[in-house]
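# turn this into a model:
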Amino acid sequence: MNYHVFRTIGMRFISALFLLSLLLGSVAKAGILLSEVMFDPDGSENTDEFIELYNDSAFPQQLQGWMITDGSGTDTLDDSGMGLLALPRQFVLILDPDYIADQSMTYDGLVPTSALVVTVSNGTFGSRGLSNSNSETISLLSSNGTVVSAYSYSIGNTPGHSDEKVRLAGGNSAENWADSEVRHGTPGFRNSVTPPEFDLGIARFVADPKHPNIGELFTLYSTVLNSGAHSAGNTIRLSVDSIGSGDYELLFESSIGIVSPADSLEFMWERRHGGRGIARYRVQLIDGDDDSTNNSASLLVSSSVAAEGLVINEIQFDPLPNRSEWVELTVAGTTPISLSDVTFSDGLGISDTSRRYRLPDQLLESGQFVVLAADSSVFSEQIPIEAVVHVFVSGAPTLNNNGDSLILWDVSGDILDRVDYRPNWGQGGNGVSLERLSLSSESNSPSNWGSSVDMTGSTPGRINSLALPRSRFETSLSISPSPFTPNGDGIDDVTEISYVLGTPGGTIDLFVFDLRGRQVRRLAGAQSGLTAGSVIWDGRDDKGFVLPTARYTVLLEAEVNGGMKREKSTVILARPQ
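Below you'll find the model as predicted:
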């Protein structure tokens, strides 16, 4: 009996082996497919073309004797030193033989060690390489000459962007292929256009209205989209940071169930805008999947009254030939600002405000820059990628070389900031911008502006080359820089005198005295209701004469809580001999 059983098992095992051998012969061949074609490389045409295969089966496949053709010539796959056995779920990268012979380095560091790298026995793909001007049909042939996979690639790709198969198990129709989303393609690894197996993501997160008034009800809308190949579920969470501390308070959490591929779910929450006028909301999918980069989104909701602190920071009114005029704005305070409903105007005077230009619908963080440009040639400037650039589509403002009045207006028609610049505010010239020295000092003061000393002539989207250091105000009176040198070279020509009061003051006076105790300058007088501020001193006395090298005393007098508060400090004025 035991023998009979053993014999039966043995016969079944032999039969299984026979069936498996048949299965390996058919399924494995069917499992090798074309997955990528680099016909127009961003490099040498003689070396950098490649074709990629994928073993989409659960069995290894020996590629000895397999061939590739473009219709004009047929090449046999050749061992490049790694053999010709394609493992299950492995990418096979077929490189032009000249890539190895000529020691090209275009794809070095891109090809993973998990890929099988092979080449072809002939000198190039086909008879003369892959055509960039005419579509060719790439065919993969097994060792017995059977066509296993074929694809006619589409021309017109950006150089260096291959044709990639979208769903590897799908067919070779044009709808299942797309241009690579990355330069140099994806040689030997997952295609950039292939959706992940499991991917639920936040496709939309908006507020309506976009900028609610304080106390107004508004609605948050979020769309969850399944971009993966399979159905998936998750848990959605909504939270808020209402005080700007980075700590989020949980508002809502719920399971969203199962979402089919390409389907989406819509969520909405009604909120009342808080008294601070600004809050950051975050929506999250808290369970992981194959792509975590789209599992969360944040949204800064601000009312239009939050535009306080938006200032004009740099002006390029006389650019180099074939370059754009532009104006740079920044957020001087710590609160993010909505540019929605803020307009910009330029004119010869304050009354010339008939032309107003709407700013981009953008939320600007503290310290972030926005560059307003007349045309796209502004991108020739050295602007960091994190800066916001807005090119006026039509009717761009014209910045006059002999001076203009630049004004920012809020939705109510009130002035947020104004600069009546004149060319004599600096000593630059063609291609040199006017830079603001201090964000907290008077915008329209000529002493708060100067010609850029950056080696490029301007600093769009960057900290100004003339920017004075912003003190942390460890005491109530701070002066920087000291010494300063008012010699007209654009470096430390002025000093910034900053003050901070514990509570709003009645009146504030700021005086400068020489070593004998004589008052030489009154910098600020009879200002009221302030808790902090700063004033620029250019080293001149009340009559406009530059004072000699010496140590000077700065005295702050402020009426606080019914009493008089006095603070003093010293600053060194150093004139060159």
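
# helix, strand or coil: sort out Glu559 for me.
strand (DSSP: H, G, I helix; E, B strand; the rest coil).

# residue boundaries of the strands in the stretch 351-500 of the chain?
356-358, 363-364, 369-373, 388-391, 404-409, 415-421, 434-436, 449-451, 477-480, 495-500 (DSSP state E, counting those that start in this stretch).

# deepest of those strands, which one?
strand 434-436 (a mean of 26; mean count of other CB atoms under 10 Å). (Glycine included, C-beta is placed from N, CA and C.)

# in its sheet, what does that strand sit against?
Sheet pairing of strand 434-436 (DSSP bridges) gives strand 310-316 (antiparallel), strand 449-451 (antiparallel).

# ok, back up a step: of all the strands of the stretch 351-500 of the chain, which one is nearest Thr146?
strand 388-391 (55.3 Å; CB to CB).

# what helices or strands is the closest one leaning on?
strand 369-373 (3 or more CB pairs under 8 Å, 6 or more residues apart in numbering; DSSP states H and E).

# ok, and what's touching the strand it packs on?
313, 324-330, 339, 344, 357, 359-360, 362, 364, 378, 383, 387-392, 396-397, 460-462 (CB atoms under 8 Å, 6 or more residues apart in numbering).

# any quick PyMOL command for the buried ones out of these?
Selection of the buried residues among the contacts of strand 369-373 in PyMOL, burial being defined by 16 or more other CB atoms under 10 Å:
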select buried, resi 313+324+325+326+327+328+329+330+339+344+359+364+378+383+388+389+390+391+392+396+397+460+461+462
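
# to Ile32, which of the strands paired with strand 434-436 lies closest?
Taking the strands paired with strand 434-436 one by one with CB to CB, strand 310-316 is closest: 58.6 Å.

# I'd like the mean pLDDT over the closest one, please.
Averaging pLDDT along strand 310-316 yields 94.

# what's the next secondary structure element after that strand?
strand 326-331 (DSSP states H and E).

# for that next one, packing partners?
strand 310-316, strand 363-364, strand 369-373.

# dump those strands into TSV; add distance to Ile479 as well.
Formatted as TSV, those follow (distance: least, CB to CB, whole Å):
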stretch	distance to Ile479
strand 310-316	22
strand 363-364	30
strand 369-373	27
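
# and Pro446, which of the ones you listed is closest to it?
Across the helices and strands packed on strand 326-331, Pro446 has its closest neighbour in strand 310-316 (12.8 Å, CB to CB).

# could you give the separation of that closest one from the chain centroid?
22 Å (CA atoms, centre = their mean, to the nearest Å).

# how near is Val546 to Ile479?
18 Å (CB to CB, to the nearest Å).

# return the residues in contact with the most centrally placed residue in the chain.
In the chain, the residue lying closest to the centroid (CA atoms, centre = their mean) is Glu386, at 4.9 Å. Residues in contact with Glu386 (CB under 8 Å, 6+ apart) are 368, 461.

# do you know the pLDDT at it?
Value for Glu386, per-residue pLDDT: 84.

# same question, the one 5 residues further on
As summarised for this prediction, Val391 has a pLDDT of 91.

# so where's the stretch 101-250 of the chain shaky on pLDDT?
243-246 (pLDDT under 70).

# and if we set it to 50?
Within the stretch 101-250 of the chain, no stretch has pLDDT under 50.

# which stretches of it form strands?
Here the stretch 101-250 of the chain has its strands, by DSSP E, counting those that start in this stretch, at 116-120, 137-141, 147-152, 163-165, 177-179, 200-208, 217-226, 232-241, 249-259.

# this completes my enquiry, with thanks.
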